[in-house]
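Trainee: Attaching a predicted model along with its sequence, questions to come.
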Amino acid sequence: MYINAMHGIKPISHTKLPHQENEVEHSKMHVRPISGERQVANILYESGVPYDDTCTFEKNLSNAISRGLIPETGSFILRNLELNLGVGEKMEMPPNIKLINCRVTSGEVSFYSGELHATGRDSIAISKDSNAVAYATVDRAIANASANGAVVTANGYGAIANATVEGAVANASANGAVANAMAPWAIAHAEADGAMACARVAGTSAYATTPGAKAISFDKNAVAFHKQGERYIPADFNYSAEEHIEKMRAQYESFGRDVSGSSGKIFLKNIFDAMKELYQPKNVIGFTQANKETPPTIYYRCGDLAGHATLLHPMKDNIGFEMPYRGDDYSGKNIKDDKHQTRFMEKFPRIGGRHNSRSHLVTVKDNEKLGFHNKAMDAFSGMLALKSMNVERGRTYAMQNLNLLNWTAPGTRAIQR
């Protein structure tokens, strides 16, 4: 286990190192950072001990420690260390030594509060913080853990894993897989050949688990954004039940509606469950828009559920997410009105309702769905904000829409939506 870079090295002379301090960062004593090998060479040189470039770096380091030149307690930092170990070679650092901005090619190094493993041929493991962990375990794999507490695993041929901020986890575990964790405590897993996972927002997770899949998490509520073949399918948003139910409770109570007790809790839970099921990015079918200067109204369908989100309307109580309608009898289509204008018309036969939109419905492509859903979430601060006019109509109206009552409308009426 020879450190090729050390052959013929000439130590740089500098003032006596403050070994009495618990933590020493020797590279800061130079205009530019020096390598860990040169740090050890300098320590030996200034103590009158020649650096033996025919020995391993580990032996020279042990020599410096045994002579009391490097403290055995506290923490001692070695920076900018590049080790070119043989495949299967291992080096174990003393427990008080930290490695920062270190790179290991084809070998394995364990050190204080972290590890660097590059056990594949031409694989590279890079750690830029002493608490980061990097594993590159397969040929030509690259693992880069460049922040405090980051954990990176690249164990596929040619796999690349990057964790670039505090607490991030990146795992590229298949051939050609790429995993990037780019925000604090984000998690990215690319677990299939050619898969890519990217977690871009704090606390989010991205999983790409099928060959060629892409998973990108870039919304605070999103788990991932999957690609299967040529179709982009956004993953479900993880809405908070407690937060939404409490907000709806306050809405109903503001209109004097009683939603107390266990029956009230079940009632609100039924609304939330239907909204959570329907109002997901994958269920976006299209939008209507009065003109290009106004925000769109975004329409959703999921099984026998239908609804939409109105982002702007002259009637303030008609802004928000519509109470979902559950029923196989629902229909919606573009028709021409008496003025020969094409408008989107919805019918809700069970409750005798209909809705005429202000414009025609424009369908959206699969890769546009998440963008439109994010417009709705941004408009309402990430909440499924129920329209006030729906709340004002009370519990019976909600239960009729959700098909929770054995009730049929006697006639058809227009519904302002």
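Mentor: Everything's here; your move.
Trainee: tell me the secondary structure for the closest residue to Arg358 other than its chain neighbours?
Mentor: Nearest non-adjacent residue to Arg358, counting by C-beta to C-beta, 6 or more residues apart in numbering: Ala290, 4.8 Å away. (C-beta placed from N, C-alpha, C; glycine too.) Under DSSP: H, G, I helix; E, B strand; the rest coil, Ala290 falls in the coil class.
Trainee: Could you count how many residues lie near Ala290?
Mentor: The tally of other residues near Ala290 (other C-beta atoms under 10 Å) stands at 14.
Trainee: List the residues that contact Gly156.
Mentor: Taking C-beta atoms under 8 Å, 6 or more residues apart in numbering as the criterion, Gly156 is in contact with 138, 141, 172-177, 193.
Trainee: Against Ile142, how distant is it?
Mentor: The spacing between Gly156 and Ile142, counted by C-beta to C-beta, to the nearest Å, is 11 Å.
Trainee: Tell me which entries of the contacts of Gly156 lie within strands.
Mentor: Among the contacts of Gly156, the residues falling in strands (DSSP state E) are Ala172.
Trainee: just the contacts of Gly156: which has the poorest pLDDT?
Mentor: Lowest pLDDT among the contacts of Gly156: Val138, with 67.
Trainee: in the stretch 151-300 of the chain, which spans are helices?
Mentor: For the stretch 151-300 of the chain, the helices defined by DSSP state H, counting those that start in this stretch occupy 241-254, 261-278.
Trainee: Tabulate those (a markdown table), appending mean pLDDT and mean neighbour count.
Mentor: Below are the helices of the stretch 151-300 of the chain laid out as a markdown table (pLDDT from 0 to 100; neighbours: other C-beta atoms under 10 Å):
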| stretch | mean pLDDT | mean neighbour count |
| --- | --- | --- |
| helix 241-254 | 93 | 16 |
| helix 261-278 | 94 | 17 |
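Trainee: Include distance to Gly167 when you put those helices into a markdown table, please.
Mentor: Formatted as a markdown table, the helices of the stretch 151-300 of the chain follow (distance: least, C-beta to C-beta, whole Å):
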| stretch | distance to Gly167 |
| --- | --- |
| helix 241-254 | 24 |
| helix 261-278 | 28 |
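Trainee: Output the below-cut-off pLDDT ranges for the stretch 151-300 of the chain.
Mentor: Within the stretch 151-300 of the chain, the segments meeting pLDDT under 70 span 201, 203-204, 210, 213-236.
Trainee: Let me see the domain layout of this protein.
Mentor: Using automatic domain parsing, the domains assigned to the chain come out as 113-235, 241-414.
Trainee: Pick the most deeply packed of these.
Mentor: Highest mean neighbour count of the domains of the chain: domain 113-235, a mean of 22 (counted as mean count of other C-beta atoms under 10 Å).
Trainee: Could you tell me whether Asn374 really is in a helix?
Mentor: Yes: counting by three-state DSSP, Asn374 is found in a helix.
Trainee: Now Val391: which helix or strand?
Mentor: Using DSSP states H and E, the element containing Val391 is helix 388-392.
Trainee: quick one: contacts of that helix?
Mentor: Outside helix 388-392, the residues that touch it by C-beta under 8 Å, 6+ apart are 248, 251-252, 254-255, 257, 315-320, 322-323, 397-398, 416.
Trainee: Please work out the average pLDDT along it.
Mentor: Helix 388-392 shows a mean pLDDT of 96.
Trainee: which ones are touching the nearest residue to Ser331 once chain neighbours are set aside?
Mentor: Spatial nearest neighbour of Ser331, chain neighbours left out: Lys347 (4.9 Å); criterion: C-beta to C-beta, 6+ apart. Shown in contact with Lys347 (C-beta under 8 Å, 6+ apart): 329-332, 353-354.
Trainee: Then Leu278?
Mentor: Leu278 touches 300-302, 305-307, 324, counting by C-beta under 8 Å, 6+ apart.
Trainee: Could you check the pLDDT of the nearest residue to it once chain neighbours are set aside?
Mentor: Once flanking residues are discounted, Leu278 sits nearest to Leu305: 4.4 Å by C-beta to C-beta, 6+ apart. Looking at Leu305, its pLDDT stands at 97.
Trainee: Also the one 5 residues further on?
Mentor: Reading off the confidence values, Thr310 has pLDDT 96.
Trainee: separation between it and Ile266?
Mentor: Noted for Thr310: a distance of 27 Å to Ile266, by C-beta to C-beta.
Trainee: repeat for Asn155
Mentor: Applying C-beta to C-beta, the value for Asn155 to Ile266 is 48 Å.
Trainee: And for Lys282?
Mentor: 27 Å.
Trainee: Would you agree Asp337 is in contact with Arg343?
Mentor: Yes: using C-beta atoms under 8 Å, Asp337 is in contact with Arg343, at 5.6 Å.
Trainee: list the residues that contact both of those two?
Mentor: Counting by C-beta under 8 Å, 6+ apart, the contacts common to Asp337 and Arg343 are Asn356.
Trainee: I'd say Thr396 and Leu405 touch.
Mentor: Yes: if you go by C-beta under 8 Å, Thr396 and Leu405 touch, sitting 7.2 Å apart.
Trainee: any common contacting residues for the two?
Mentor: With C-beta under 8 Å, 6+ apart, Thr396 and Leu405 have no common neighbours.
Trainee: Which strand or helix spans His308?
Mentor: Using DSSP H and E, the element containing His308 is strand 305-310.
Trainee: now the angle from that strand to helix 261-278?
Mentor: Inter-element angle recorded for strand 305-310 and helix 261-278: 80 degrees (by axes from the mean of the first three to the mean of the last three C-alpha atoms, to 10 degrees).
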